[in-house]
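Asks: Just need the structure, nothing else, for what follows:
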Amino acid sequence: MSNWNLRTGAAIASLTLAATALAGGTAAAADEPKVYYVDSVNGSDAAAGTSPETAWKTLTKASTAPLVAGGKLLLARGSTWRGQQLSVTASGSAEAPIVVDSYGTGTARPVIAQHDEACVSLEGSHIEVYNLQIGLTTAGARCTWAGVKVIGNDNVIERNYITGAAAGVFIEKKVLYTAVTANEFVDNNFMSKLTPTEENDNDDSGAFAILVHGDQSNIGWNEIRGSEAFSYDYGRDGAAVEIFLGSGNRIHHNIAMDNETFTELGTSQNLEPDGSPMDPDGTSGNVFEYNVIGGPLTQTGMVTRGPHEPGEEEPEVNGPVLGTVFRNNTMLLTHEMAQGVVCDAGCTNAHLSMSQNIIQAVKKTAYGPQVTDSHHNVFYGADQHQMGGTNNVEADPKFDLANSQHPLSLRAGSPAIDLGVTRFSDDDVTGRAIDGSDGPVDAGAYEFDK
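Replies: Next comes the predicted model:
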């Protein structure tokens, strides 16, 4: 740019600022973040919405709030909304996210329930949602498909109670960098598709706490229970974290109890209506670490897959899933059909790596006959173990079953203590620092306090 253009640009900018000042600063004020309030009991949509005393009443009105980066939408504690979706279409920024939170006194979270698609829809980016109850489990009041549907990038869902949906949180395809942290997921046990086997014997779906179609998600420090439901096709179905089409997601430091499966991963060989691949970049690079998995209703820890069964040309319709890493997880499965880790359809080291886990199960501890990248794990209790590897231990892990505060933590003398060789996290599942000061890292999700 010439000096003339630089000077001209500066002059124009000065004139614009002067004009704005003469107009009373309206341009600056238009972008100033504001706080809006919503109260289903005492609010009015005819009010200004800018104070607790002038709160709006409905989520329909709240969804039209002129939010900008740094703005807030606050929902009154003790309020309940049914049949109204909270939709946030505006975007914040990394430095100034849009925040949805609760306000007021009392312990009752604001409740958003009863919507066929999603009770909360995050269509913009850099939105953070805190301290809400999303969903109810009563018939006719559920978030029938999703509690929270994530459409934009860089969104945060934290410290919420999410219940009653087919998918407590659904992260859409191609969505990036969603954080789902420190929430409580309870009884997301609705089947979105449930048809008798004579009509279709392989289409039942639902009962997901978290369903991930997106990439690079951070899913950690959640408590997840009750994601399991009746299925005509499979007997029981559901998952704490289901990953379909998603890559590069990290699932860590969760306590998952009584979910039919902790996690299942899959891709798709199908085509979109326009003929393009449904999953052009495949499903790959998902990491599971420092999770605690148990409960008498849990039948499987993890299911993933290779390209096709050995000796068969027919491809696995939901495979291959590449580069799954499963490390430092603790699992106790007492169901009579319980299987720890299953990697079938010609699964190899290209599809699964396992290290420093504790897996106790009734039927199978691990299945992946061609997998050899399995080391420094503790396996115990199963009728079958079909996976190679080195430096694994077959022995009673000595869980402290009397410790209700930290389920499946270790007792003194456990073979998992000091078994590991690599520190993958700075903290165990309790938040205890793993710094090497008391010796080598332990296998499993807990670091034993010597």
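
Asks: And the closest residue to A62 other than its chain neighbours, how far from C119?
Replies: With C-beta to C-beta, 6 or more residues apart in numbering as the criterion, A62 has its nearest non-adjacent residue at 4.6 Å, and that residue is V38. Every C-beta, even on glycine, is put in place using the N, C-alpha and C of the backbone. In this structure, V38 and C119 are separated by 14 Å, where distance is defined by C-beta to C-beta, to the nearest Å.

Asks: Pick out whichever of the two has more residues nearby.
Replies: C119 (33 against 26; other C-beta atoms under 10 Å).

Asks: helix, strand or coil for the more buried one?
Replies: Here C119 is recorded as strand under DSSP: H, G, I helix; E, B strand; the rest coil.

Asks: Kindly state the pLDDT recorded for it?
Replies: At C119, the pLDDT value in this model is 98.

Asks: if I read this right, it contacts G135, doesn't it?
Replies: Yes: in terms of C-beta atoms under 8 Å, C119 counts as a neighbour of G135; the distance is 6.2 Å.

Asks: joint contacts of those two?
Replies: Between them, C119 and G135 have I112, A113, C143, G147, A165 as joint contacts when contacts are counted by C-beta atoms under 8 Å, 6 or more residues apart in numbering.

Asks: okay, these in a markdown table with neighbour count next?
Replies: A markdown table is the format used below for the shared contacts of C119 and G135 (neighbours: other C-beta atoms under 10 Å):
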| residue | neighbour count |
| --- | --- |
| I112 | 28 |
| A113 | 24 |
| C143 | 30 |
| G147 | 33 |
| A165 | 36 |
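
Asks: which two from those residues end up farthest apart in space?
Replies: I112 and A165 (11.3 Å; C-beta to C-beta).

Asks: shared neighbours of these two, which are they?
Replies: Residues touching both I112 and A165 comprise C119, I134, G135, C143, with contact defined as C-beta under 8 Å, 6+ apart.

Asks: With distance to A55 and secondary structure as added columns, please give these in TSV.
Replies: Listed next are those as TSV, based on distance: C-beta to C-beta, whole Å; DSSP: H, G, I helix; E, B strand; the rest coil:
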residue	distance to A55	secondary structure
C119	20	strand
I134	20	strand
G135	23	coil
C143	23	strand
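
Asks: Pick the one among these closest to N222.
Replies: Comparing the shared contacts of I112 and A165 against N222 with C-beta to C-beta picks out I134 as the nearest, at 13.5 Å.

Asks: That closest one pairs with what?
Replies: I112, I162 (DSSP bridges).

Asks: can you tell me how far it sits from V99?
Replies: From I134 to V99 the distance is 16 Å (C-beta to C-beta).

Asks: Look at those two and report which has more neighbours.
Replies: Neighbour count, other C-beta under 10 Å: between I134 and V99, I134 has more, with 30 against 20.

Asks: I112 is in contact with the more buried one, correct?
Replies: Yes: under the criterion of C-beta under 8 Å, I134 is in contact with I112, at a separation of 5.4 Å.

Asks: Quick check: which element contains A65?
Replies: With secondary structure defined by DSSP states H and E, A65 is part of neither a helix nor a strand.

Asks: As a check, name the ranges of all strands in the stretch 301-450 of the chain.
Replies: Taking DSSP state E, counting those that start in this stretch, the strands of the stretch 301-450 of the chain run over residues 321-322, 324-327, 330-333, 339-344, 352-355, 358-361, 364-368, 374-375, 378-380, 384-387, 393-394.

Asks: can you count the residues close to T390?
Replies: For T390, which is what you asked about, the neighbour count (other C-beta under 10 Å) is 9.

Asks: wait, what's in contact with it?
Replies: T390 sits next to T372, S374, H375 when contact means C-beta under 8 Å, 6+ apart.

Asks: Let me know the pLDDT of N328.
Replies: 98.

Asks: swap that for G311, please
Replies: Residue-level confidence at G311 comes out at 79, pLDDT.

Asks: repeat for M278
Replies: Model confidence at M278, expressed as pLDDT, equals 89.

Asks: quick one: it from G444, how far?
Replies: Relative to G444, and taking C-beta to C-beta, M278 is found at 36 Å.

Asks: Specify which residue of the two has the higher count of neighbours.
Replies: Here M278 and G444 are set side by side on neighbour count (other C-beta under 10 Å), and the busier one is G444, at 32 against 13.

Asks: Can you pull the phi/psi pair for that one?
Replies: Torsion angles at G444 (phi, psi; degrees, to the nearest 10) stand at phi 90, psi -180.

Asks: just to revisit the earlier point, for the strands of the stretch 301-450 of the chain, give me TSV that also has distance to I219 and mean neighbour count.
Replies: Compiled in TSV, the strands of the stretch 301-450 of the chain are given as follows (distance: least, C-beta to C-beta, whole Å; neighbours: other C-beta atoms under 10 Å):
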stretch	distance to I219	mean neighbour count
strand 321-322	17	24
strand 324-327	14	23
strand 330-333	17	27
strand 339-344	19	26
strand 352-355	19	24
strand 358-361	21	28
strand 364-368	23	26
strand 374-375	24	21
strand 378-380	25	23
strand 384-387	25	18
strand 393-394	29	14
